[in-house]
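>>> Have a look at this prediction, sequence included:
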Amino acid sequence: MRYGLSLPPFEQFADPGLLARLARDAEEAGWDGFFLWDHMLSRNRETPIADPWVALAAAAMTTHRIRLGTLITPVARRRPWKLARETVTVDRLSGGRVILGVGLGTPPDWEYAAFGEDPDDRIRAQKLDEGLAILDGLWRGEPFAFAGEHFHLEPPITFLPRPIQTPRIPIWVAGNWPNKPPIRRAARWDGACPEAKEGRLSPDDWRDILALIREIRADEAPFEAVHLDSLVHLPPRKAADHIAAYGEAGVTWWIEYITPDAFGVPRYERWPDHVVEKMVARLRQGPSALGRRQGDV
């Protein structure tokens with residue numbers, strides 16, 4: 001099991017300098033991954049928000065080991081060739097430590113309709129699949145053309161430099177279980193990071209998800225099962241027992257949410273300074289707060 005963090009770059013965390021320092025602190029505390037949300041707006045339209053890829057570039061300069069990425073980037077509202085440049089740049093800057101988490105993006109009225117883009121789920125799913133195909137093609141550093149319903153690259157285009165990671169930057173795909181199309185999409189890439197449509201995913205949910213993925217995947221390439229949750233109110237021993245059940249079900253990454261709602265404040269409202277201090281303290285505790293012992297993987 002590997003352990004990571006997921007942070008909204010909102011409010012006080014919209015400061016890219018602070019995020020870079022928090023990434024350094026997370027690495028020193030023993031976390032394996034540092035992930036940022038990717039939003040244009042929040043429910044409070046005046047919320048300060050940082051761009052995740054710019055902030056991750058700063059984080060790459062303050063860290064050496066920890067994996068860096070987004071959970072998740074709504075590919076349908078990005079120009080995939082621009083995202084290809086951003087991800088490769090941060091991958092090379094970090095020495096090959098980037099992970100790209102992707103999904104449709106929610107809520108669609110914040111991410112799409114507010115900017116005049118189509119919020120329809122079907123259209124967003126089409127753009128996501130086309131965008132992933134384009135990313136994979138451009139990352140190869142060879143002549144690549146694409147003709148889809150929504151995106152077109154003609155004549156063949158060569159994007160250089162390539163990412164450091166091969167065969168590509170890992171792609172983790174999100175979705176709401178028990179919806180199966182996102183899991184089928186994830187099976188074509190490098191990892192699944194679903195959440196429950198209602199409540200929380202259980203170990204049995206993960207067994208069902210991974211059974212579906214095994215039915216679809218045609219090779220034995222590494223595949224990550226990524227669980228997102230928060231155990232801030234459990235002591236380390238109970239947290240370790242809780243996580244162990246997920247490990248037995250096949251989960252390979254535990255991602256701990258560092259959000260204000262874990263401390264009683266809605267994430268889309270103003271964050272009191274004392275709550276931010278608790279969030280930072282939780283980050284600096286490291287995965288030992290989840291019962292991870294030194295040397296565990």
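Alright, I've got the coordinates.

>>> What average pLDDT does whichever helix or strand residue 204 is part of get?
Element membership for residue 204 (DSSP states H and E) is helix 203-216. Mean pLDDT, computed over helix 203-216, is 97.

>>> And stretch 236-252, by the same measure?
For stretch 236-252, the mean confidence score works out to 97.

>>> mind saving the C-alpha coords of that stretch as CSV?
Extracted in CSV, the C-alpha atoms of stretch 236-252 (Å, rounded to 0.1, in the frame of the first residue of the first chain):
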residue,chain,number,x,y,z
PRO,A,236,-3.6,5.1,14.1
ARG,A,237,-4.2,1.5,15.1
LYS,A,238,-7.9,1.6,14.1
ALA,A,239,-7.0,3.4,10.9
ALA,A,240,-4.4,0.7,10.1
ASP,A,241,-7.0,-2.1,10.6
HIS,A,242,-9.5,-0.2,8.4
ILE,A,243,-7.0,0.3,5.6
ALA,A,244,-5.8,-3.3,5.8
ALA,A,245,-9.3,-4.5,4.8
TYR,A,246,-8.9,-2.4,1.6
GLY,A,247,-5.5,-3.8,1.0
GLU,A,248,-6.8,-7.3,1.2
ALA,A,249,-9.4,-6.3,-1.4
GLY,A,250,-6.7,-5.2,-3.8
VAL,A,251,-6.4,-1.4,-3.2
THR,A,252,-2.8,-0.3,-3.8
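
>>> ranges for the strands of the stretch 151-297 of the chain?
For the stretch 151-297 of the chain, strands defined by DSSP state E, counting those that start in this stretch occupy the ranges 152-157, 171-173, 176-177, 191-192, 195-196, 224-229, 253-257.

>>> Next, the angle strand 224-229 makes with the last one.
Compare the direction of strand 253-257 with that of strand 224-229 by axes from the mean of the first three to the mean of the last three C-alpha atoms, to 10 degrees and you get 30 degrees.

>>> What helices and strands are in contact with strand 253-257?
strand 2-7, strand 33-36, strand 224-229 (3 or more C-beta pairs under 8 Å, 6 or more residues apart in numbering; DSSP states H and E). The C-beta positions use only the backbone N, C-alpha and C, and glycine is treated the same way.

>>> Just send those strands back as CSV, with distance to residue 183 too.
What follows is those, written out as CSV (distance: least, C-beta to C-beta, whole Å):
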stretch, distance to residue 183
strand 2-7, 20
strand 33-36, 20
strand 224-229, 11
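
>>> Reformat those strands into TSV and put mean pLDDT and distance to residue 208 next to each item.
Converted to TSV, the helices and strands packed on strand 253-257 look like this (pLDDT from 0 to 100; distance: least, C-beta to C-beta, whole Å):
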stretch	mean pLDDT	distance to residue 208
strand 2-7	98	22
strand 33-36	98	25
strand 224-229	98	12
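
>>> Take those and lay them out in a markdown table including mean neighbour count and distance to residue 43.
Listed next are the helices and strands packed on strand 253-257 as a markdown table, based on neighbours: other C-beta atoms under 10 Å; distance: least, C-beta to C-beta, whole Å:
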| stretch | mean neighbour count | distance to residue 43 |
| --- | --- | --- |
| strand 2-7 | 22 | 17 |
| strand 33-36 | 26 | 18 |
| strand 224-229 | 21 | 20 |
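
>>> Quick check: which of those is nearest to residue 171?
Closest to residue 171 of the helices and strands packed on strand 253-257, according to C-beta to C-beta: strand 224-229, at 10.1 Å.

>>> so what's the backbone phi/psi at the closest residue to residue 222 other than its chain neighbours?
Excluding the flanking residues, the one nearest residue 222 by C-beta to C-beta, 6 or more residues apart in numbering is residue 190, at 7.3 Å. Dihedral angles of residue 190 (phi, psi; degrees, to the nearest 10) stand at phi -120, psi 0.

>>> re the thing from before, what angle sits between the helix holding residue 204 and strand 224-229?
Using the same axes, to 10 degrees: helix 203-216 against strand 224-229 is 150 degrees.

>>> In helix 203-216, which residues are buried?
203, 205, 206, 208, 209, 210, 212, 213 (16 or more other C-beta atoms under 10 Å).

>>> which residues touch the third one?
What that stands for is residue 206. 225, 227, 246, 249, 250, 251 (C-beta atoms under 8 Å, 6 or more residues apart in numbering).

>>> Spatially, which two of these are the most separated?
Pairwise across those, and taking C-beta to C-beta, the largest span is found between 227 and 250, at 9.9 Å.

>>> My guess is the residue nearest to residue 222 contacts residue 225. True?
No. Counting by C-beta atoms under 8 Å, residue 190 stays clear of residue 225, with 11.1 Å between them.
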